[in-house]
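**Q** 3D, please:
(2 chains)
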Amino acid sequence: EAQVTQNPRYLITVTGKKLTVTCSQNMNHEYMSWYRQDPGLGLRQIYYSMNVEVTDKGDVPEGYKVSRKEKRNFPLILESPSPNQTSLYFCASSTRQGLEQYFGPGTRLTVT
Amino acid sequence: ELKVEQNPLFLSMQEGKNYTIYCNYSTTSDRLYWYRQDPGKSLESLFVLLSNGAVKQEGRLMASLDTKARLSTLHITAAVHDLSATYFCAAGHNAGNMLTFGGGTRLMVKP
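**A** Numbering: from 1, shown residues only, chains lettered A, B, ... in the order given. You can find the predicted model right below:
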């Protein structure tokens, strides 16, 4: 089954404790992206990657890092999480042309 | 900076009625997406519109794109309760690598 998986699905952590949210896709897609969803603000793009070792900033990259060492994986790293990063995070992947984006199930992160 | 605005933000309608959701974007975009999100769920891709005048239909939903007016519409025909969800449009730029989402339209269809 074609899918995008994220782990963990739920995470409660404390300010400053480094964390990684993993994202993996099994569709051999070149393109992957991270978004955060906040009430009243919709979805905002954090980072995207057009292929292995190629990443670029979206609209709200501050406080986040990403890496793309393998085609199927695109982890999101929060080096020093803060409460304003409490949000629902989605990973997505698509063909290079971005014709159809497949979204993961989401990770709900709470930073206290 | 690309901005995307959806109207209305909330829509309550009776089953069997027709309605349209509007999506305006502020600068040139190379593609327009529509997504559906059910409560507590992820996003499901509905349509991708690539060119001026593009129209796509799936069941009771029809999406169109007018690039000159920077406007996309999602038309709902004879609404049914199963269509209750939040609908998002997103404008693509940088060859579709970057997406800017609208704020979403929460649709409730009452029996």
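
**Q** just the pLDDT for the closest residue to chain A within chain B.
**A** Closest approach between chain B and chain A, counting by Cβ to the nearest Cβ: B:G96, at 3.2 Å. For every residue, glycine as well, the C-beta is placed using N, CA and C. pLDDT for B:G96: 75.

**Q** swap in A:Q97?
**A** 65.

**Q** same thing with A:R9?
**A** 97.

**Q** got the contact list for the spatially closest residue to it that is not a sequence neighbour?
**A** Nearest non-adjacent residue to A:R9, counting by Cβ to Cβ, 6 or more residues apart in numbering or on different chains: A:T107, 5.9 Å away. Contact analysis of A:T107 by Cβ atoms under 8 Å, 6 or more residues apart in numbering or on different chains lists A:Q6, A:N7, A:P8, A:R9, A:Y10, A:L11, A:V21, A:L88, A:Y89, A:F90.

**Q** ranges for the strands of chain A?
**A** A:4-7, A:10-13, A:19-25, A:31-38, A:42-51, A:54-57, A:65-66, A:76-78, A:87-94, A:102-103, A:107-111 (DSSP state E).

**Q** as a markdown table, those strands with distance to B:T73 would be great.
**A** Shown next, in a markdown table, are the strands of chain A (distance: least, Cβ to Cβ, whole Å):
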| stretch | distance to B:T73 |
| --- | --- |
| strand A:4-7 | 29 |
| strand A:10-13 | 36 |
| strand A:19-25 | 31 |
| strand A:31-38 | 23 |
| strand A:42-51 | 18 |
| strand A:54-57 | 31 |
| strand A:65-66 | 34 |
| strand A:76-78 | 34 |
| strand A:87-94 | 23 |
| strand A:102-103 | 23 |
| strand A:107-111 | 32 |
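
**Q** quick one: which of those strands is nearest B:L61?
**A** strand A:102-103 (18.3 Å; Cβ to Cβ).

**Q** who's in contact with the closest one?
**A** Against strand A:102-103 from outside (Cβ under 8 Å, 6+ apart): A:2-4, A:25, A:27, A:29, A:90-94, B:35, B:42-45.

**Q** so A:K17 is in contact with A:S82, correct?
**A** No. Counting by Cβ atoms under 8 Å, A:K17 stays clear of A:S82, with 10.8 Å between them.
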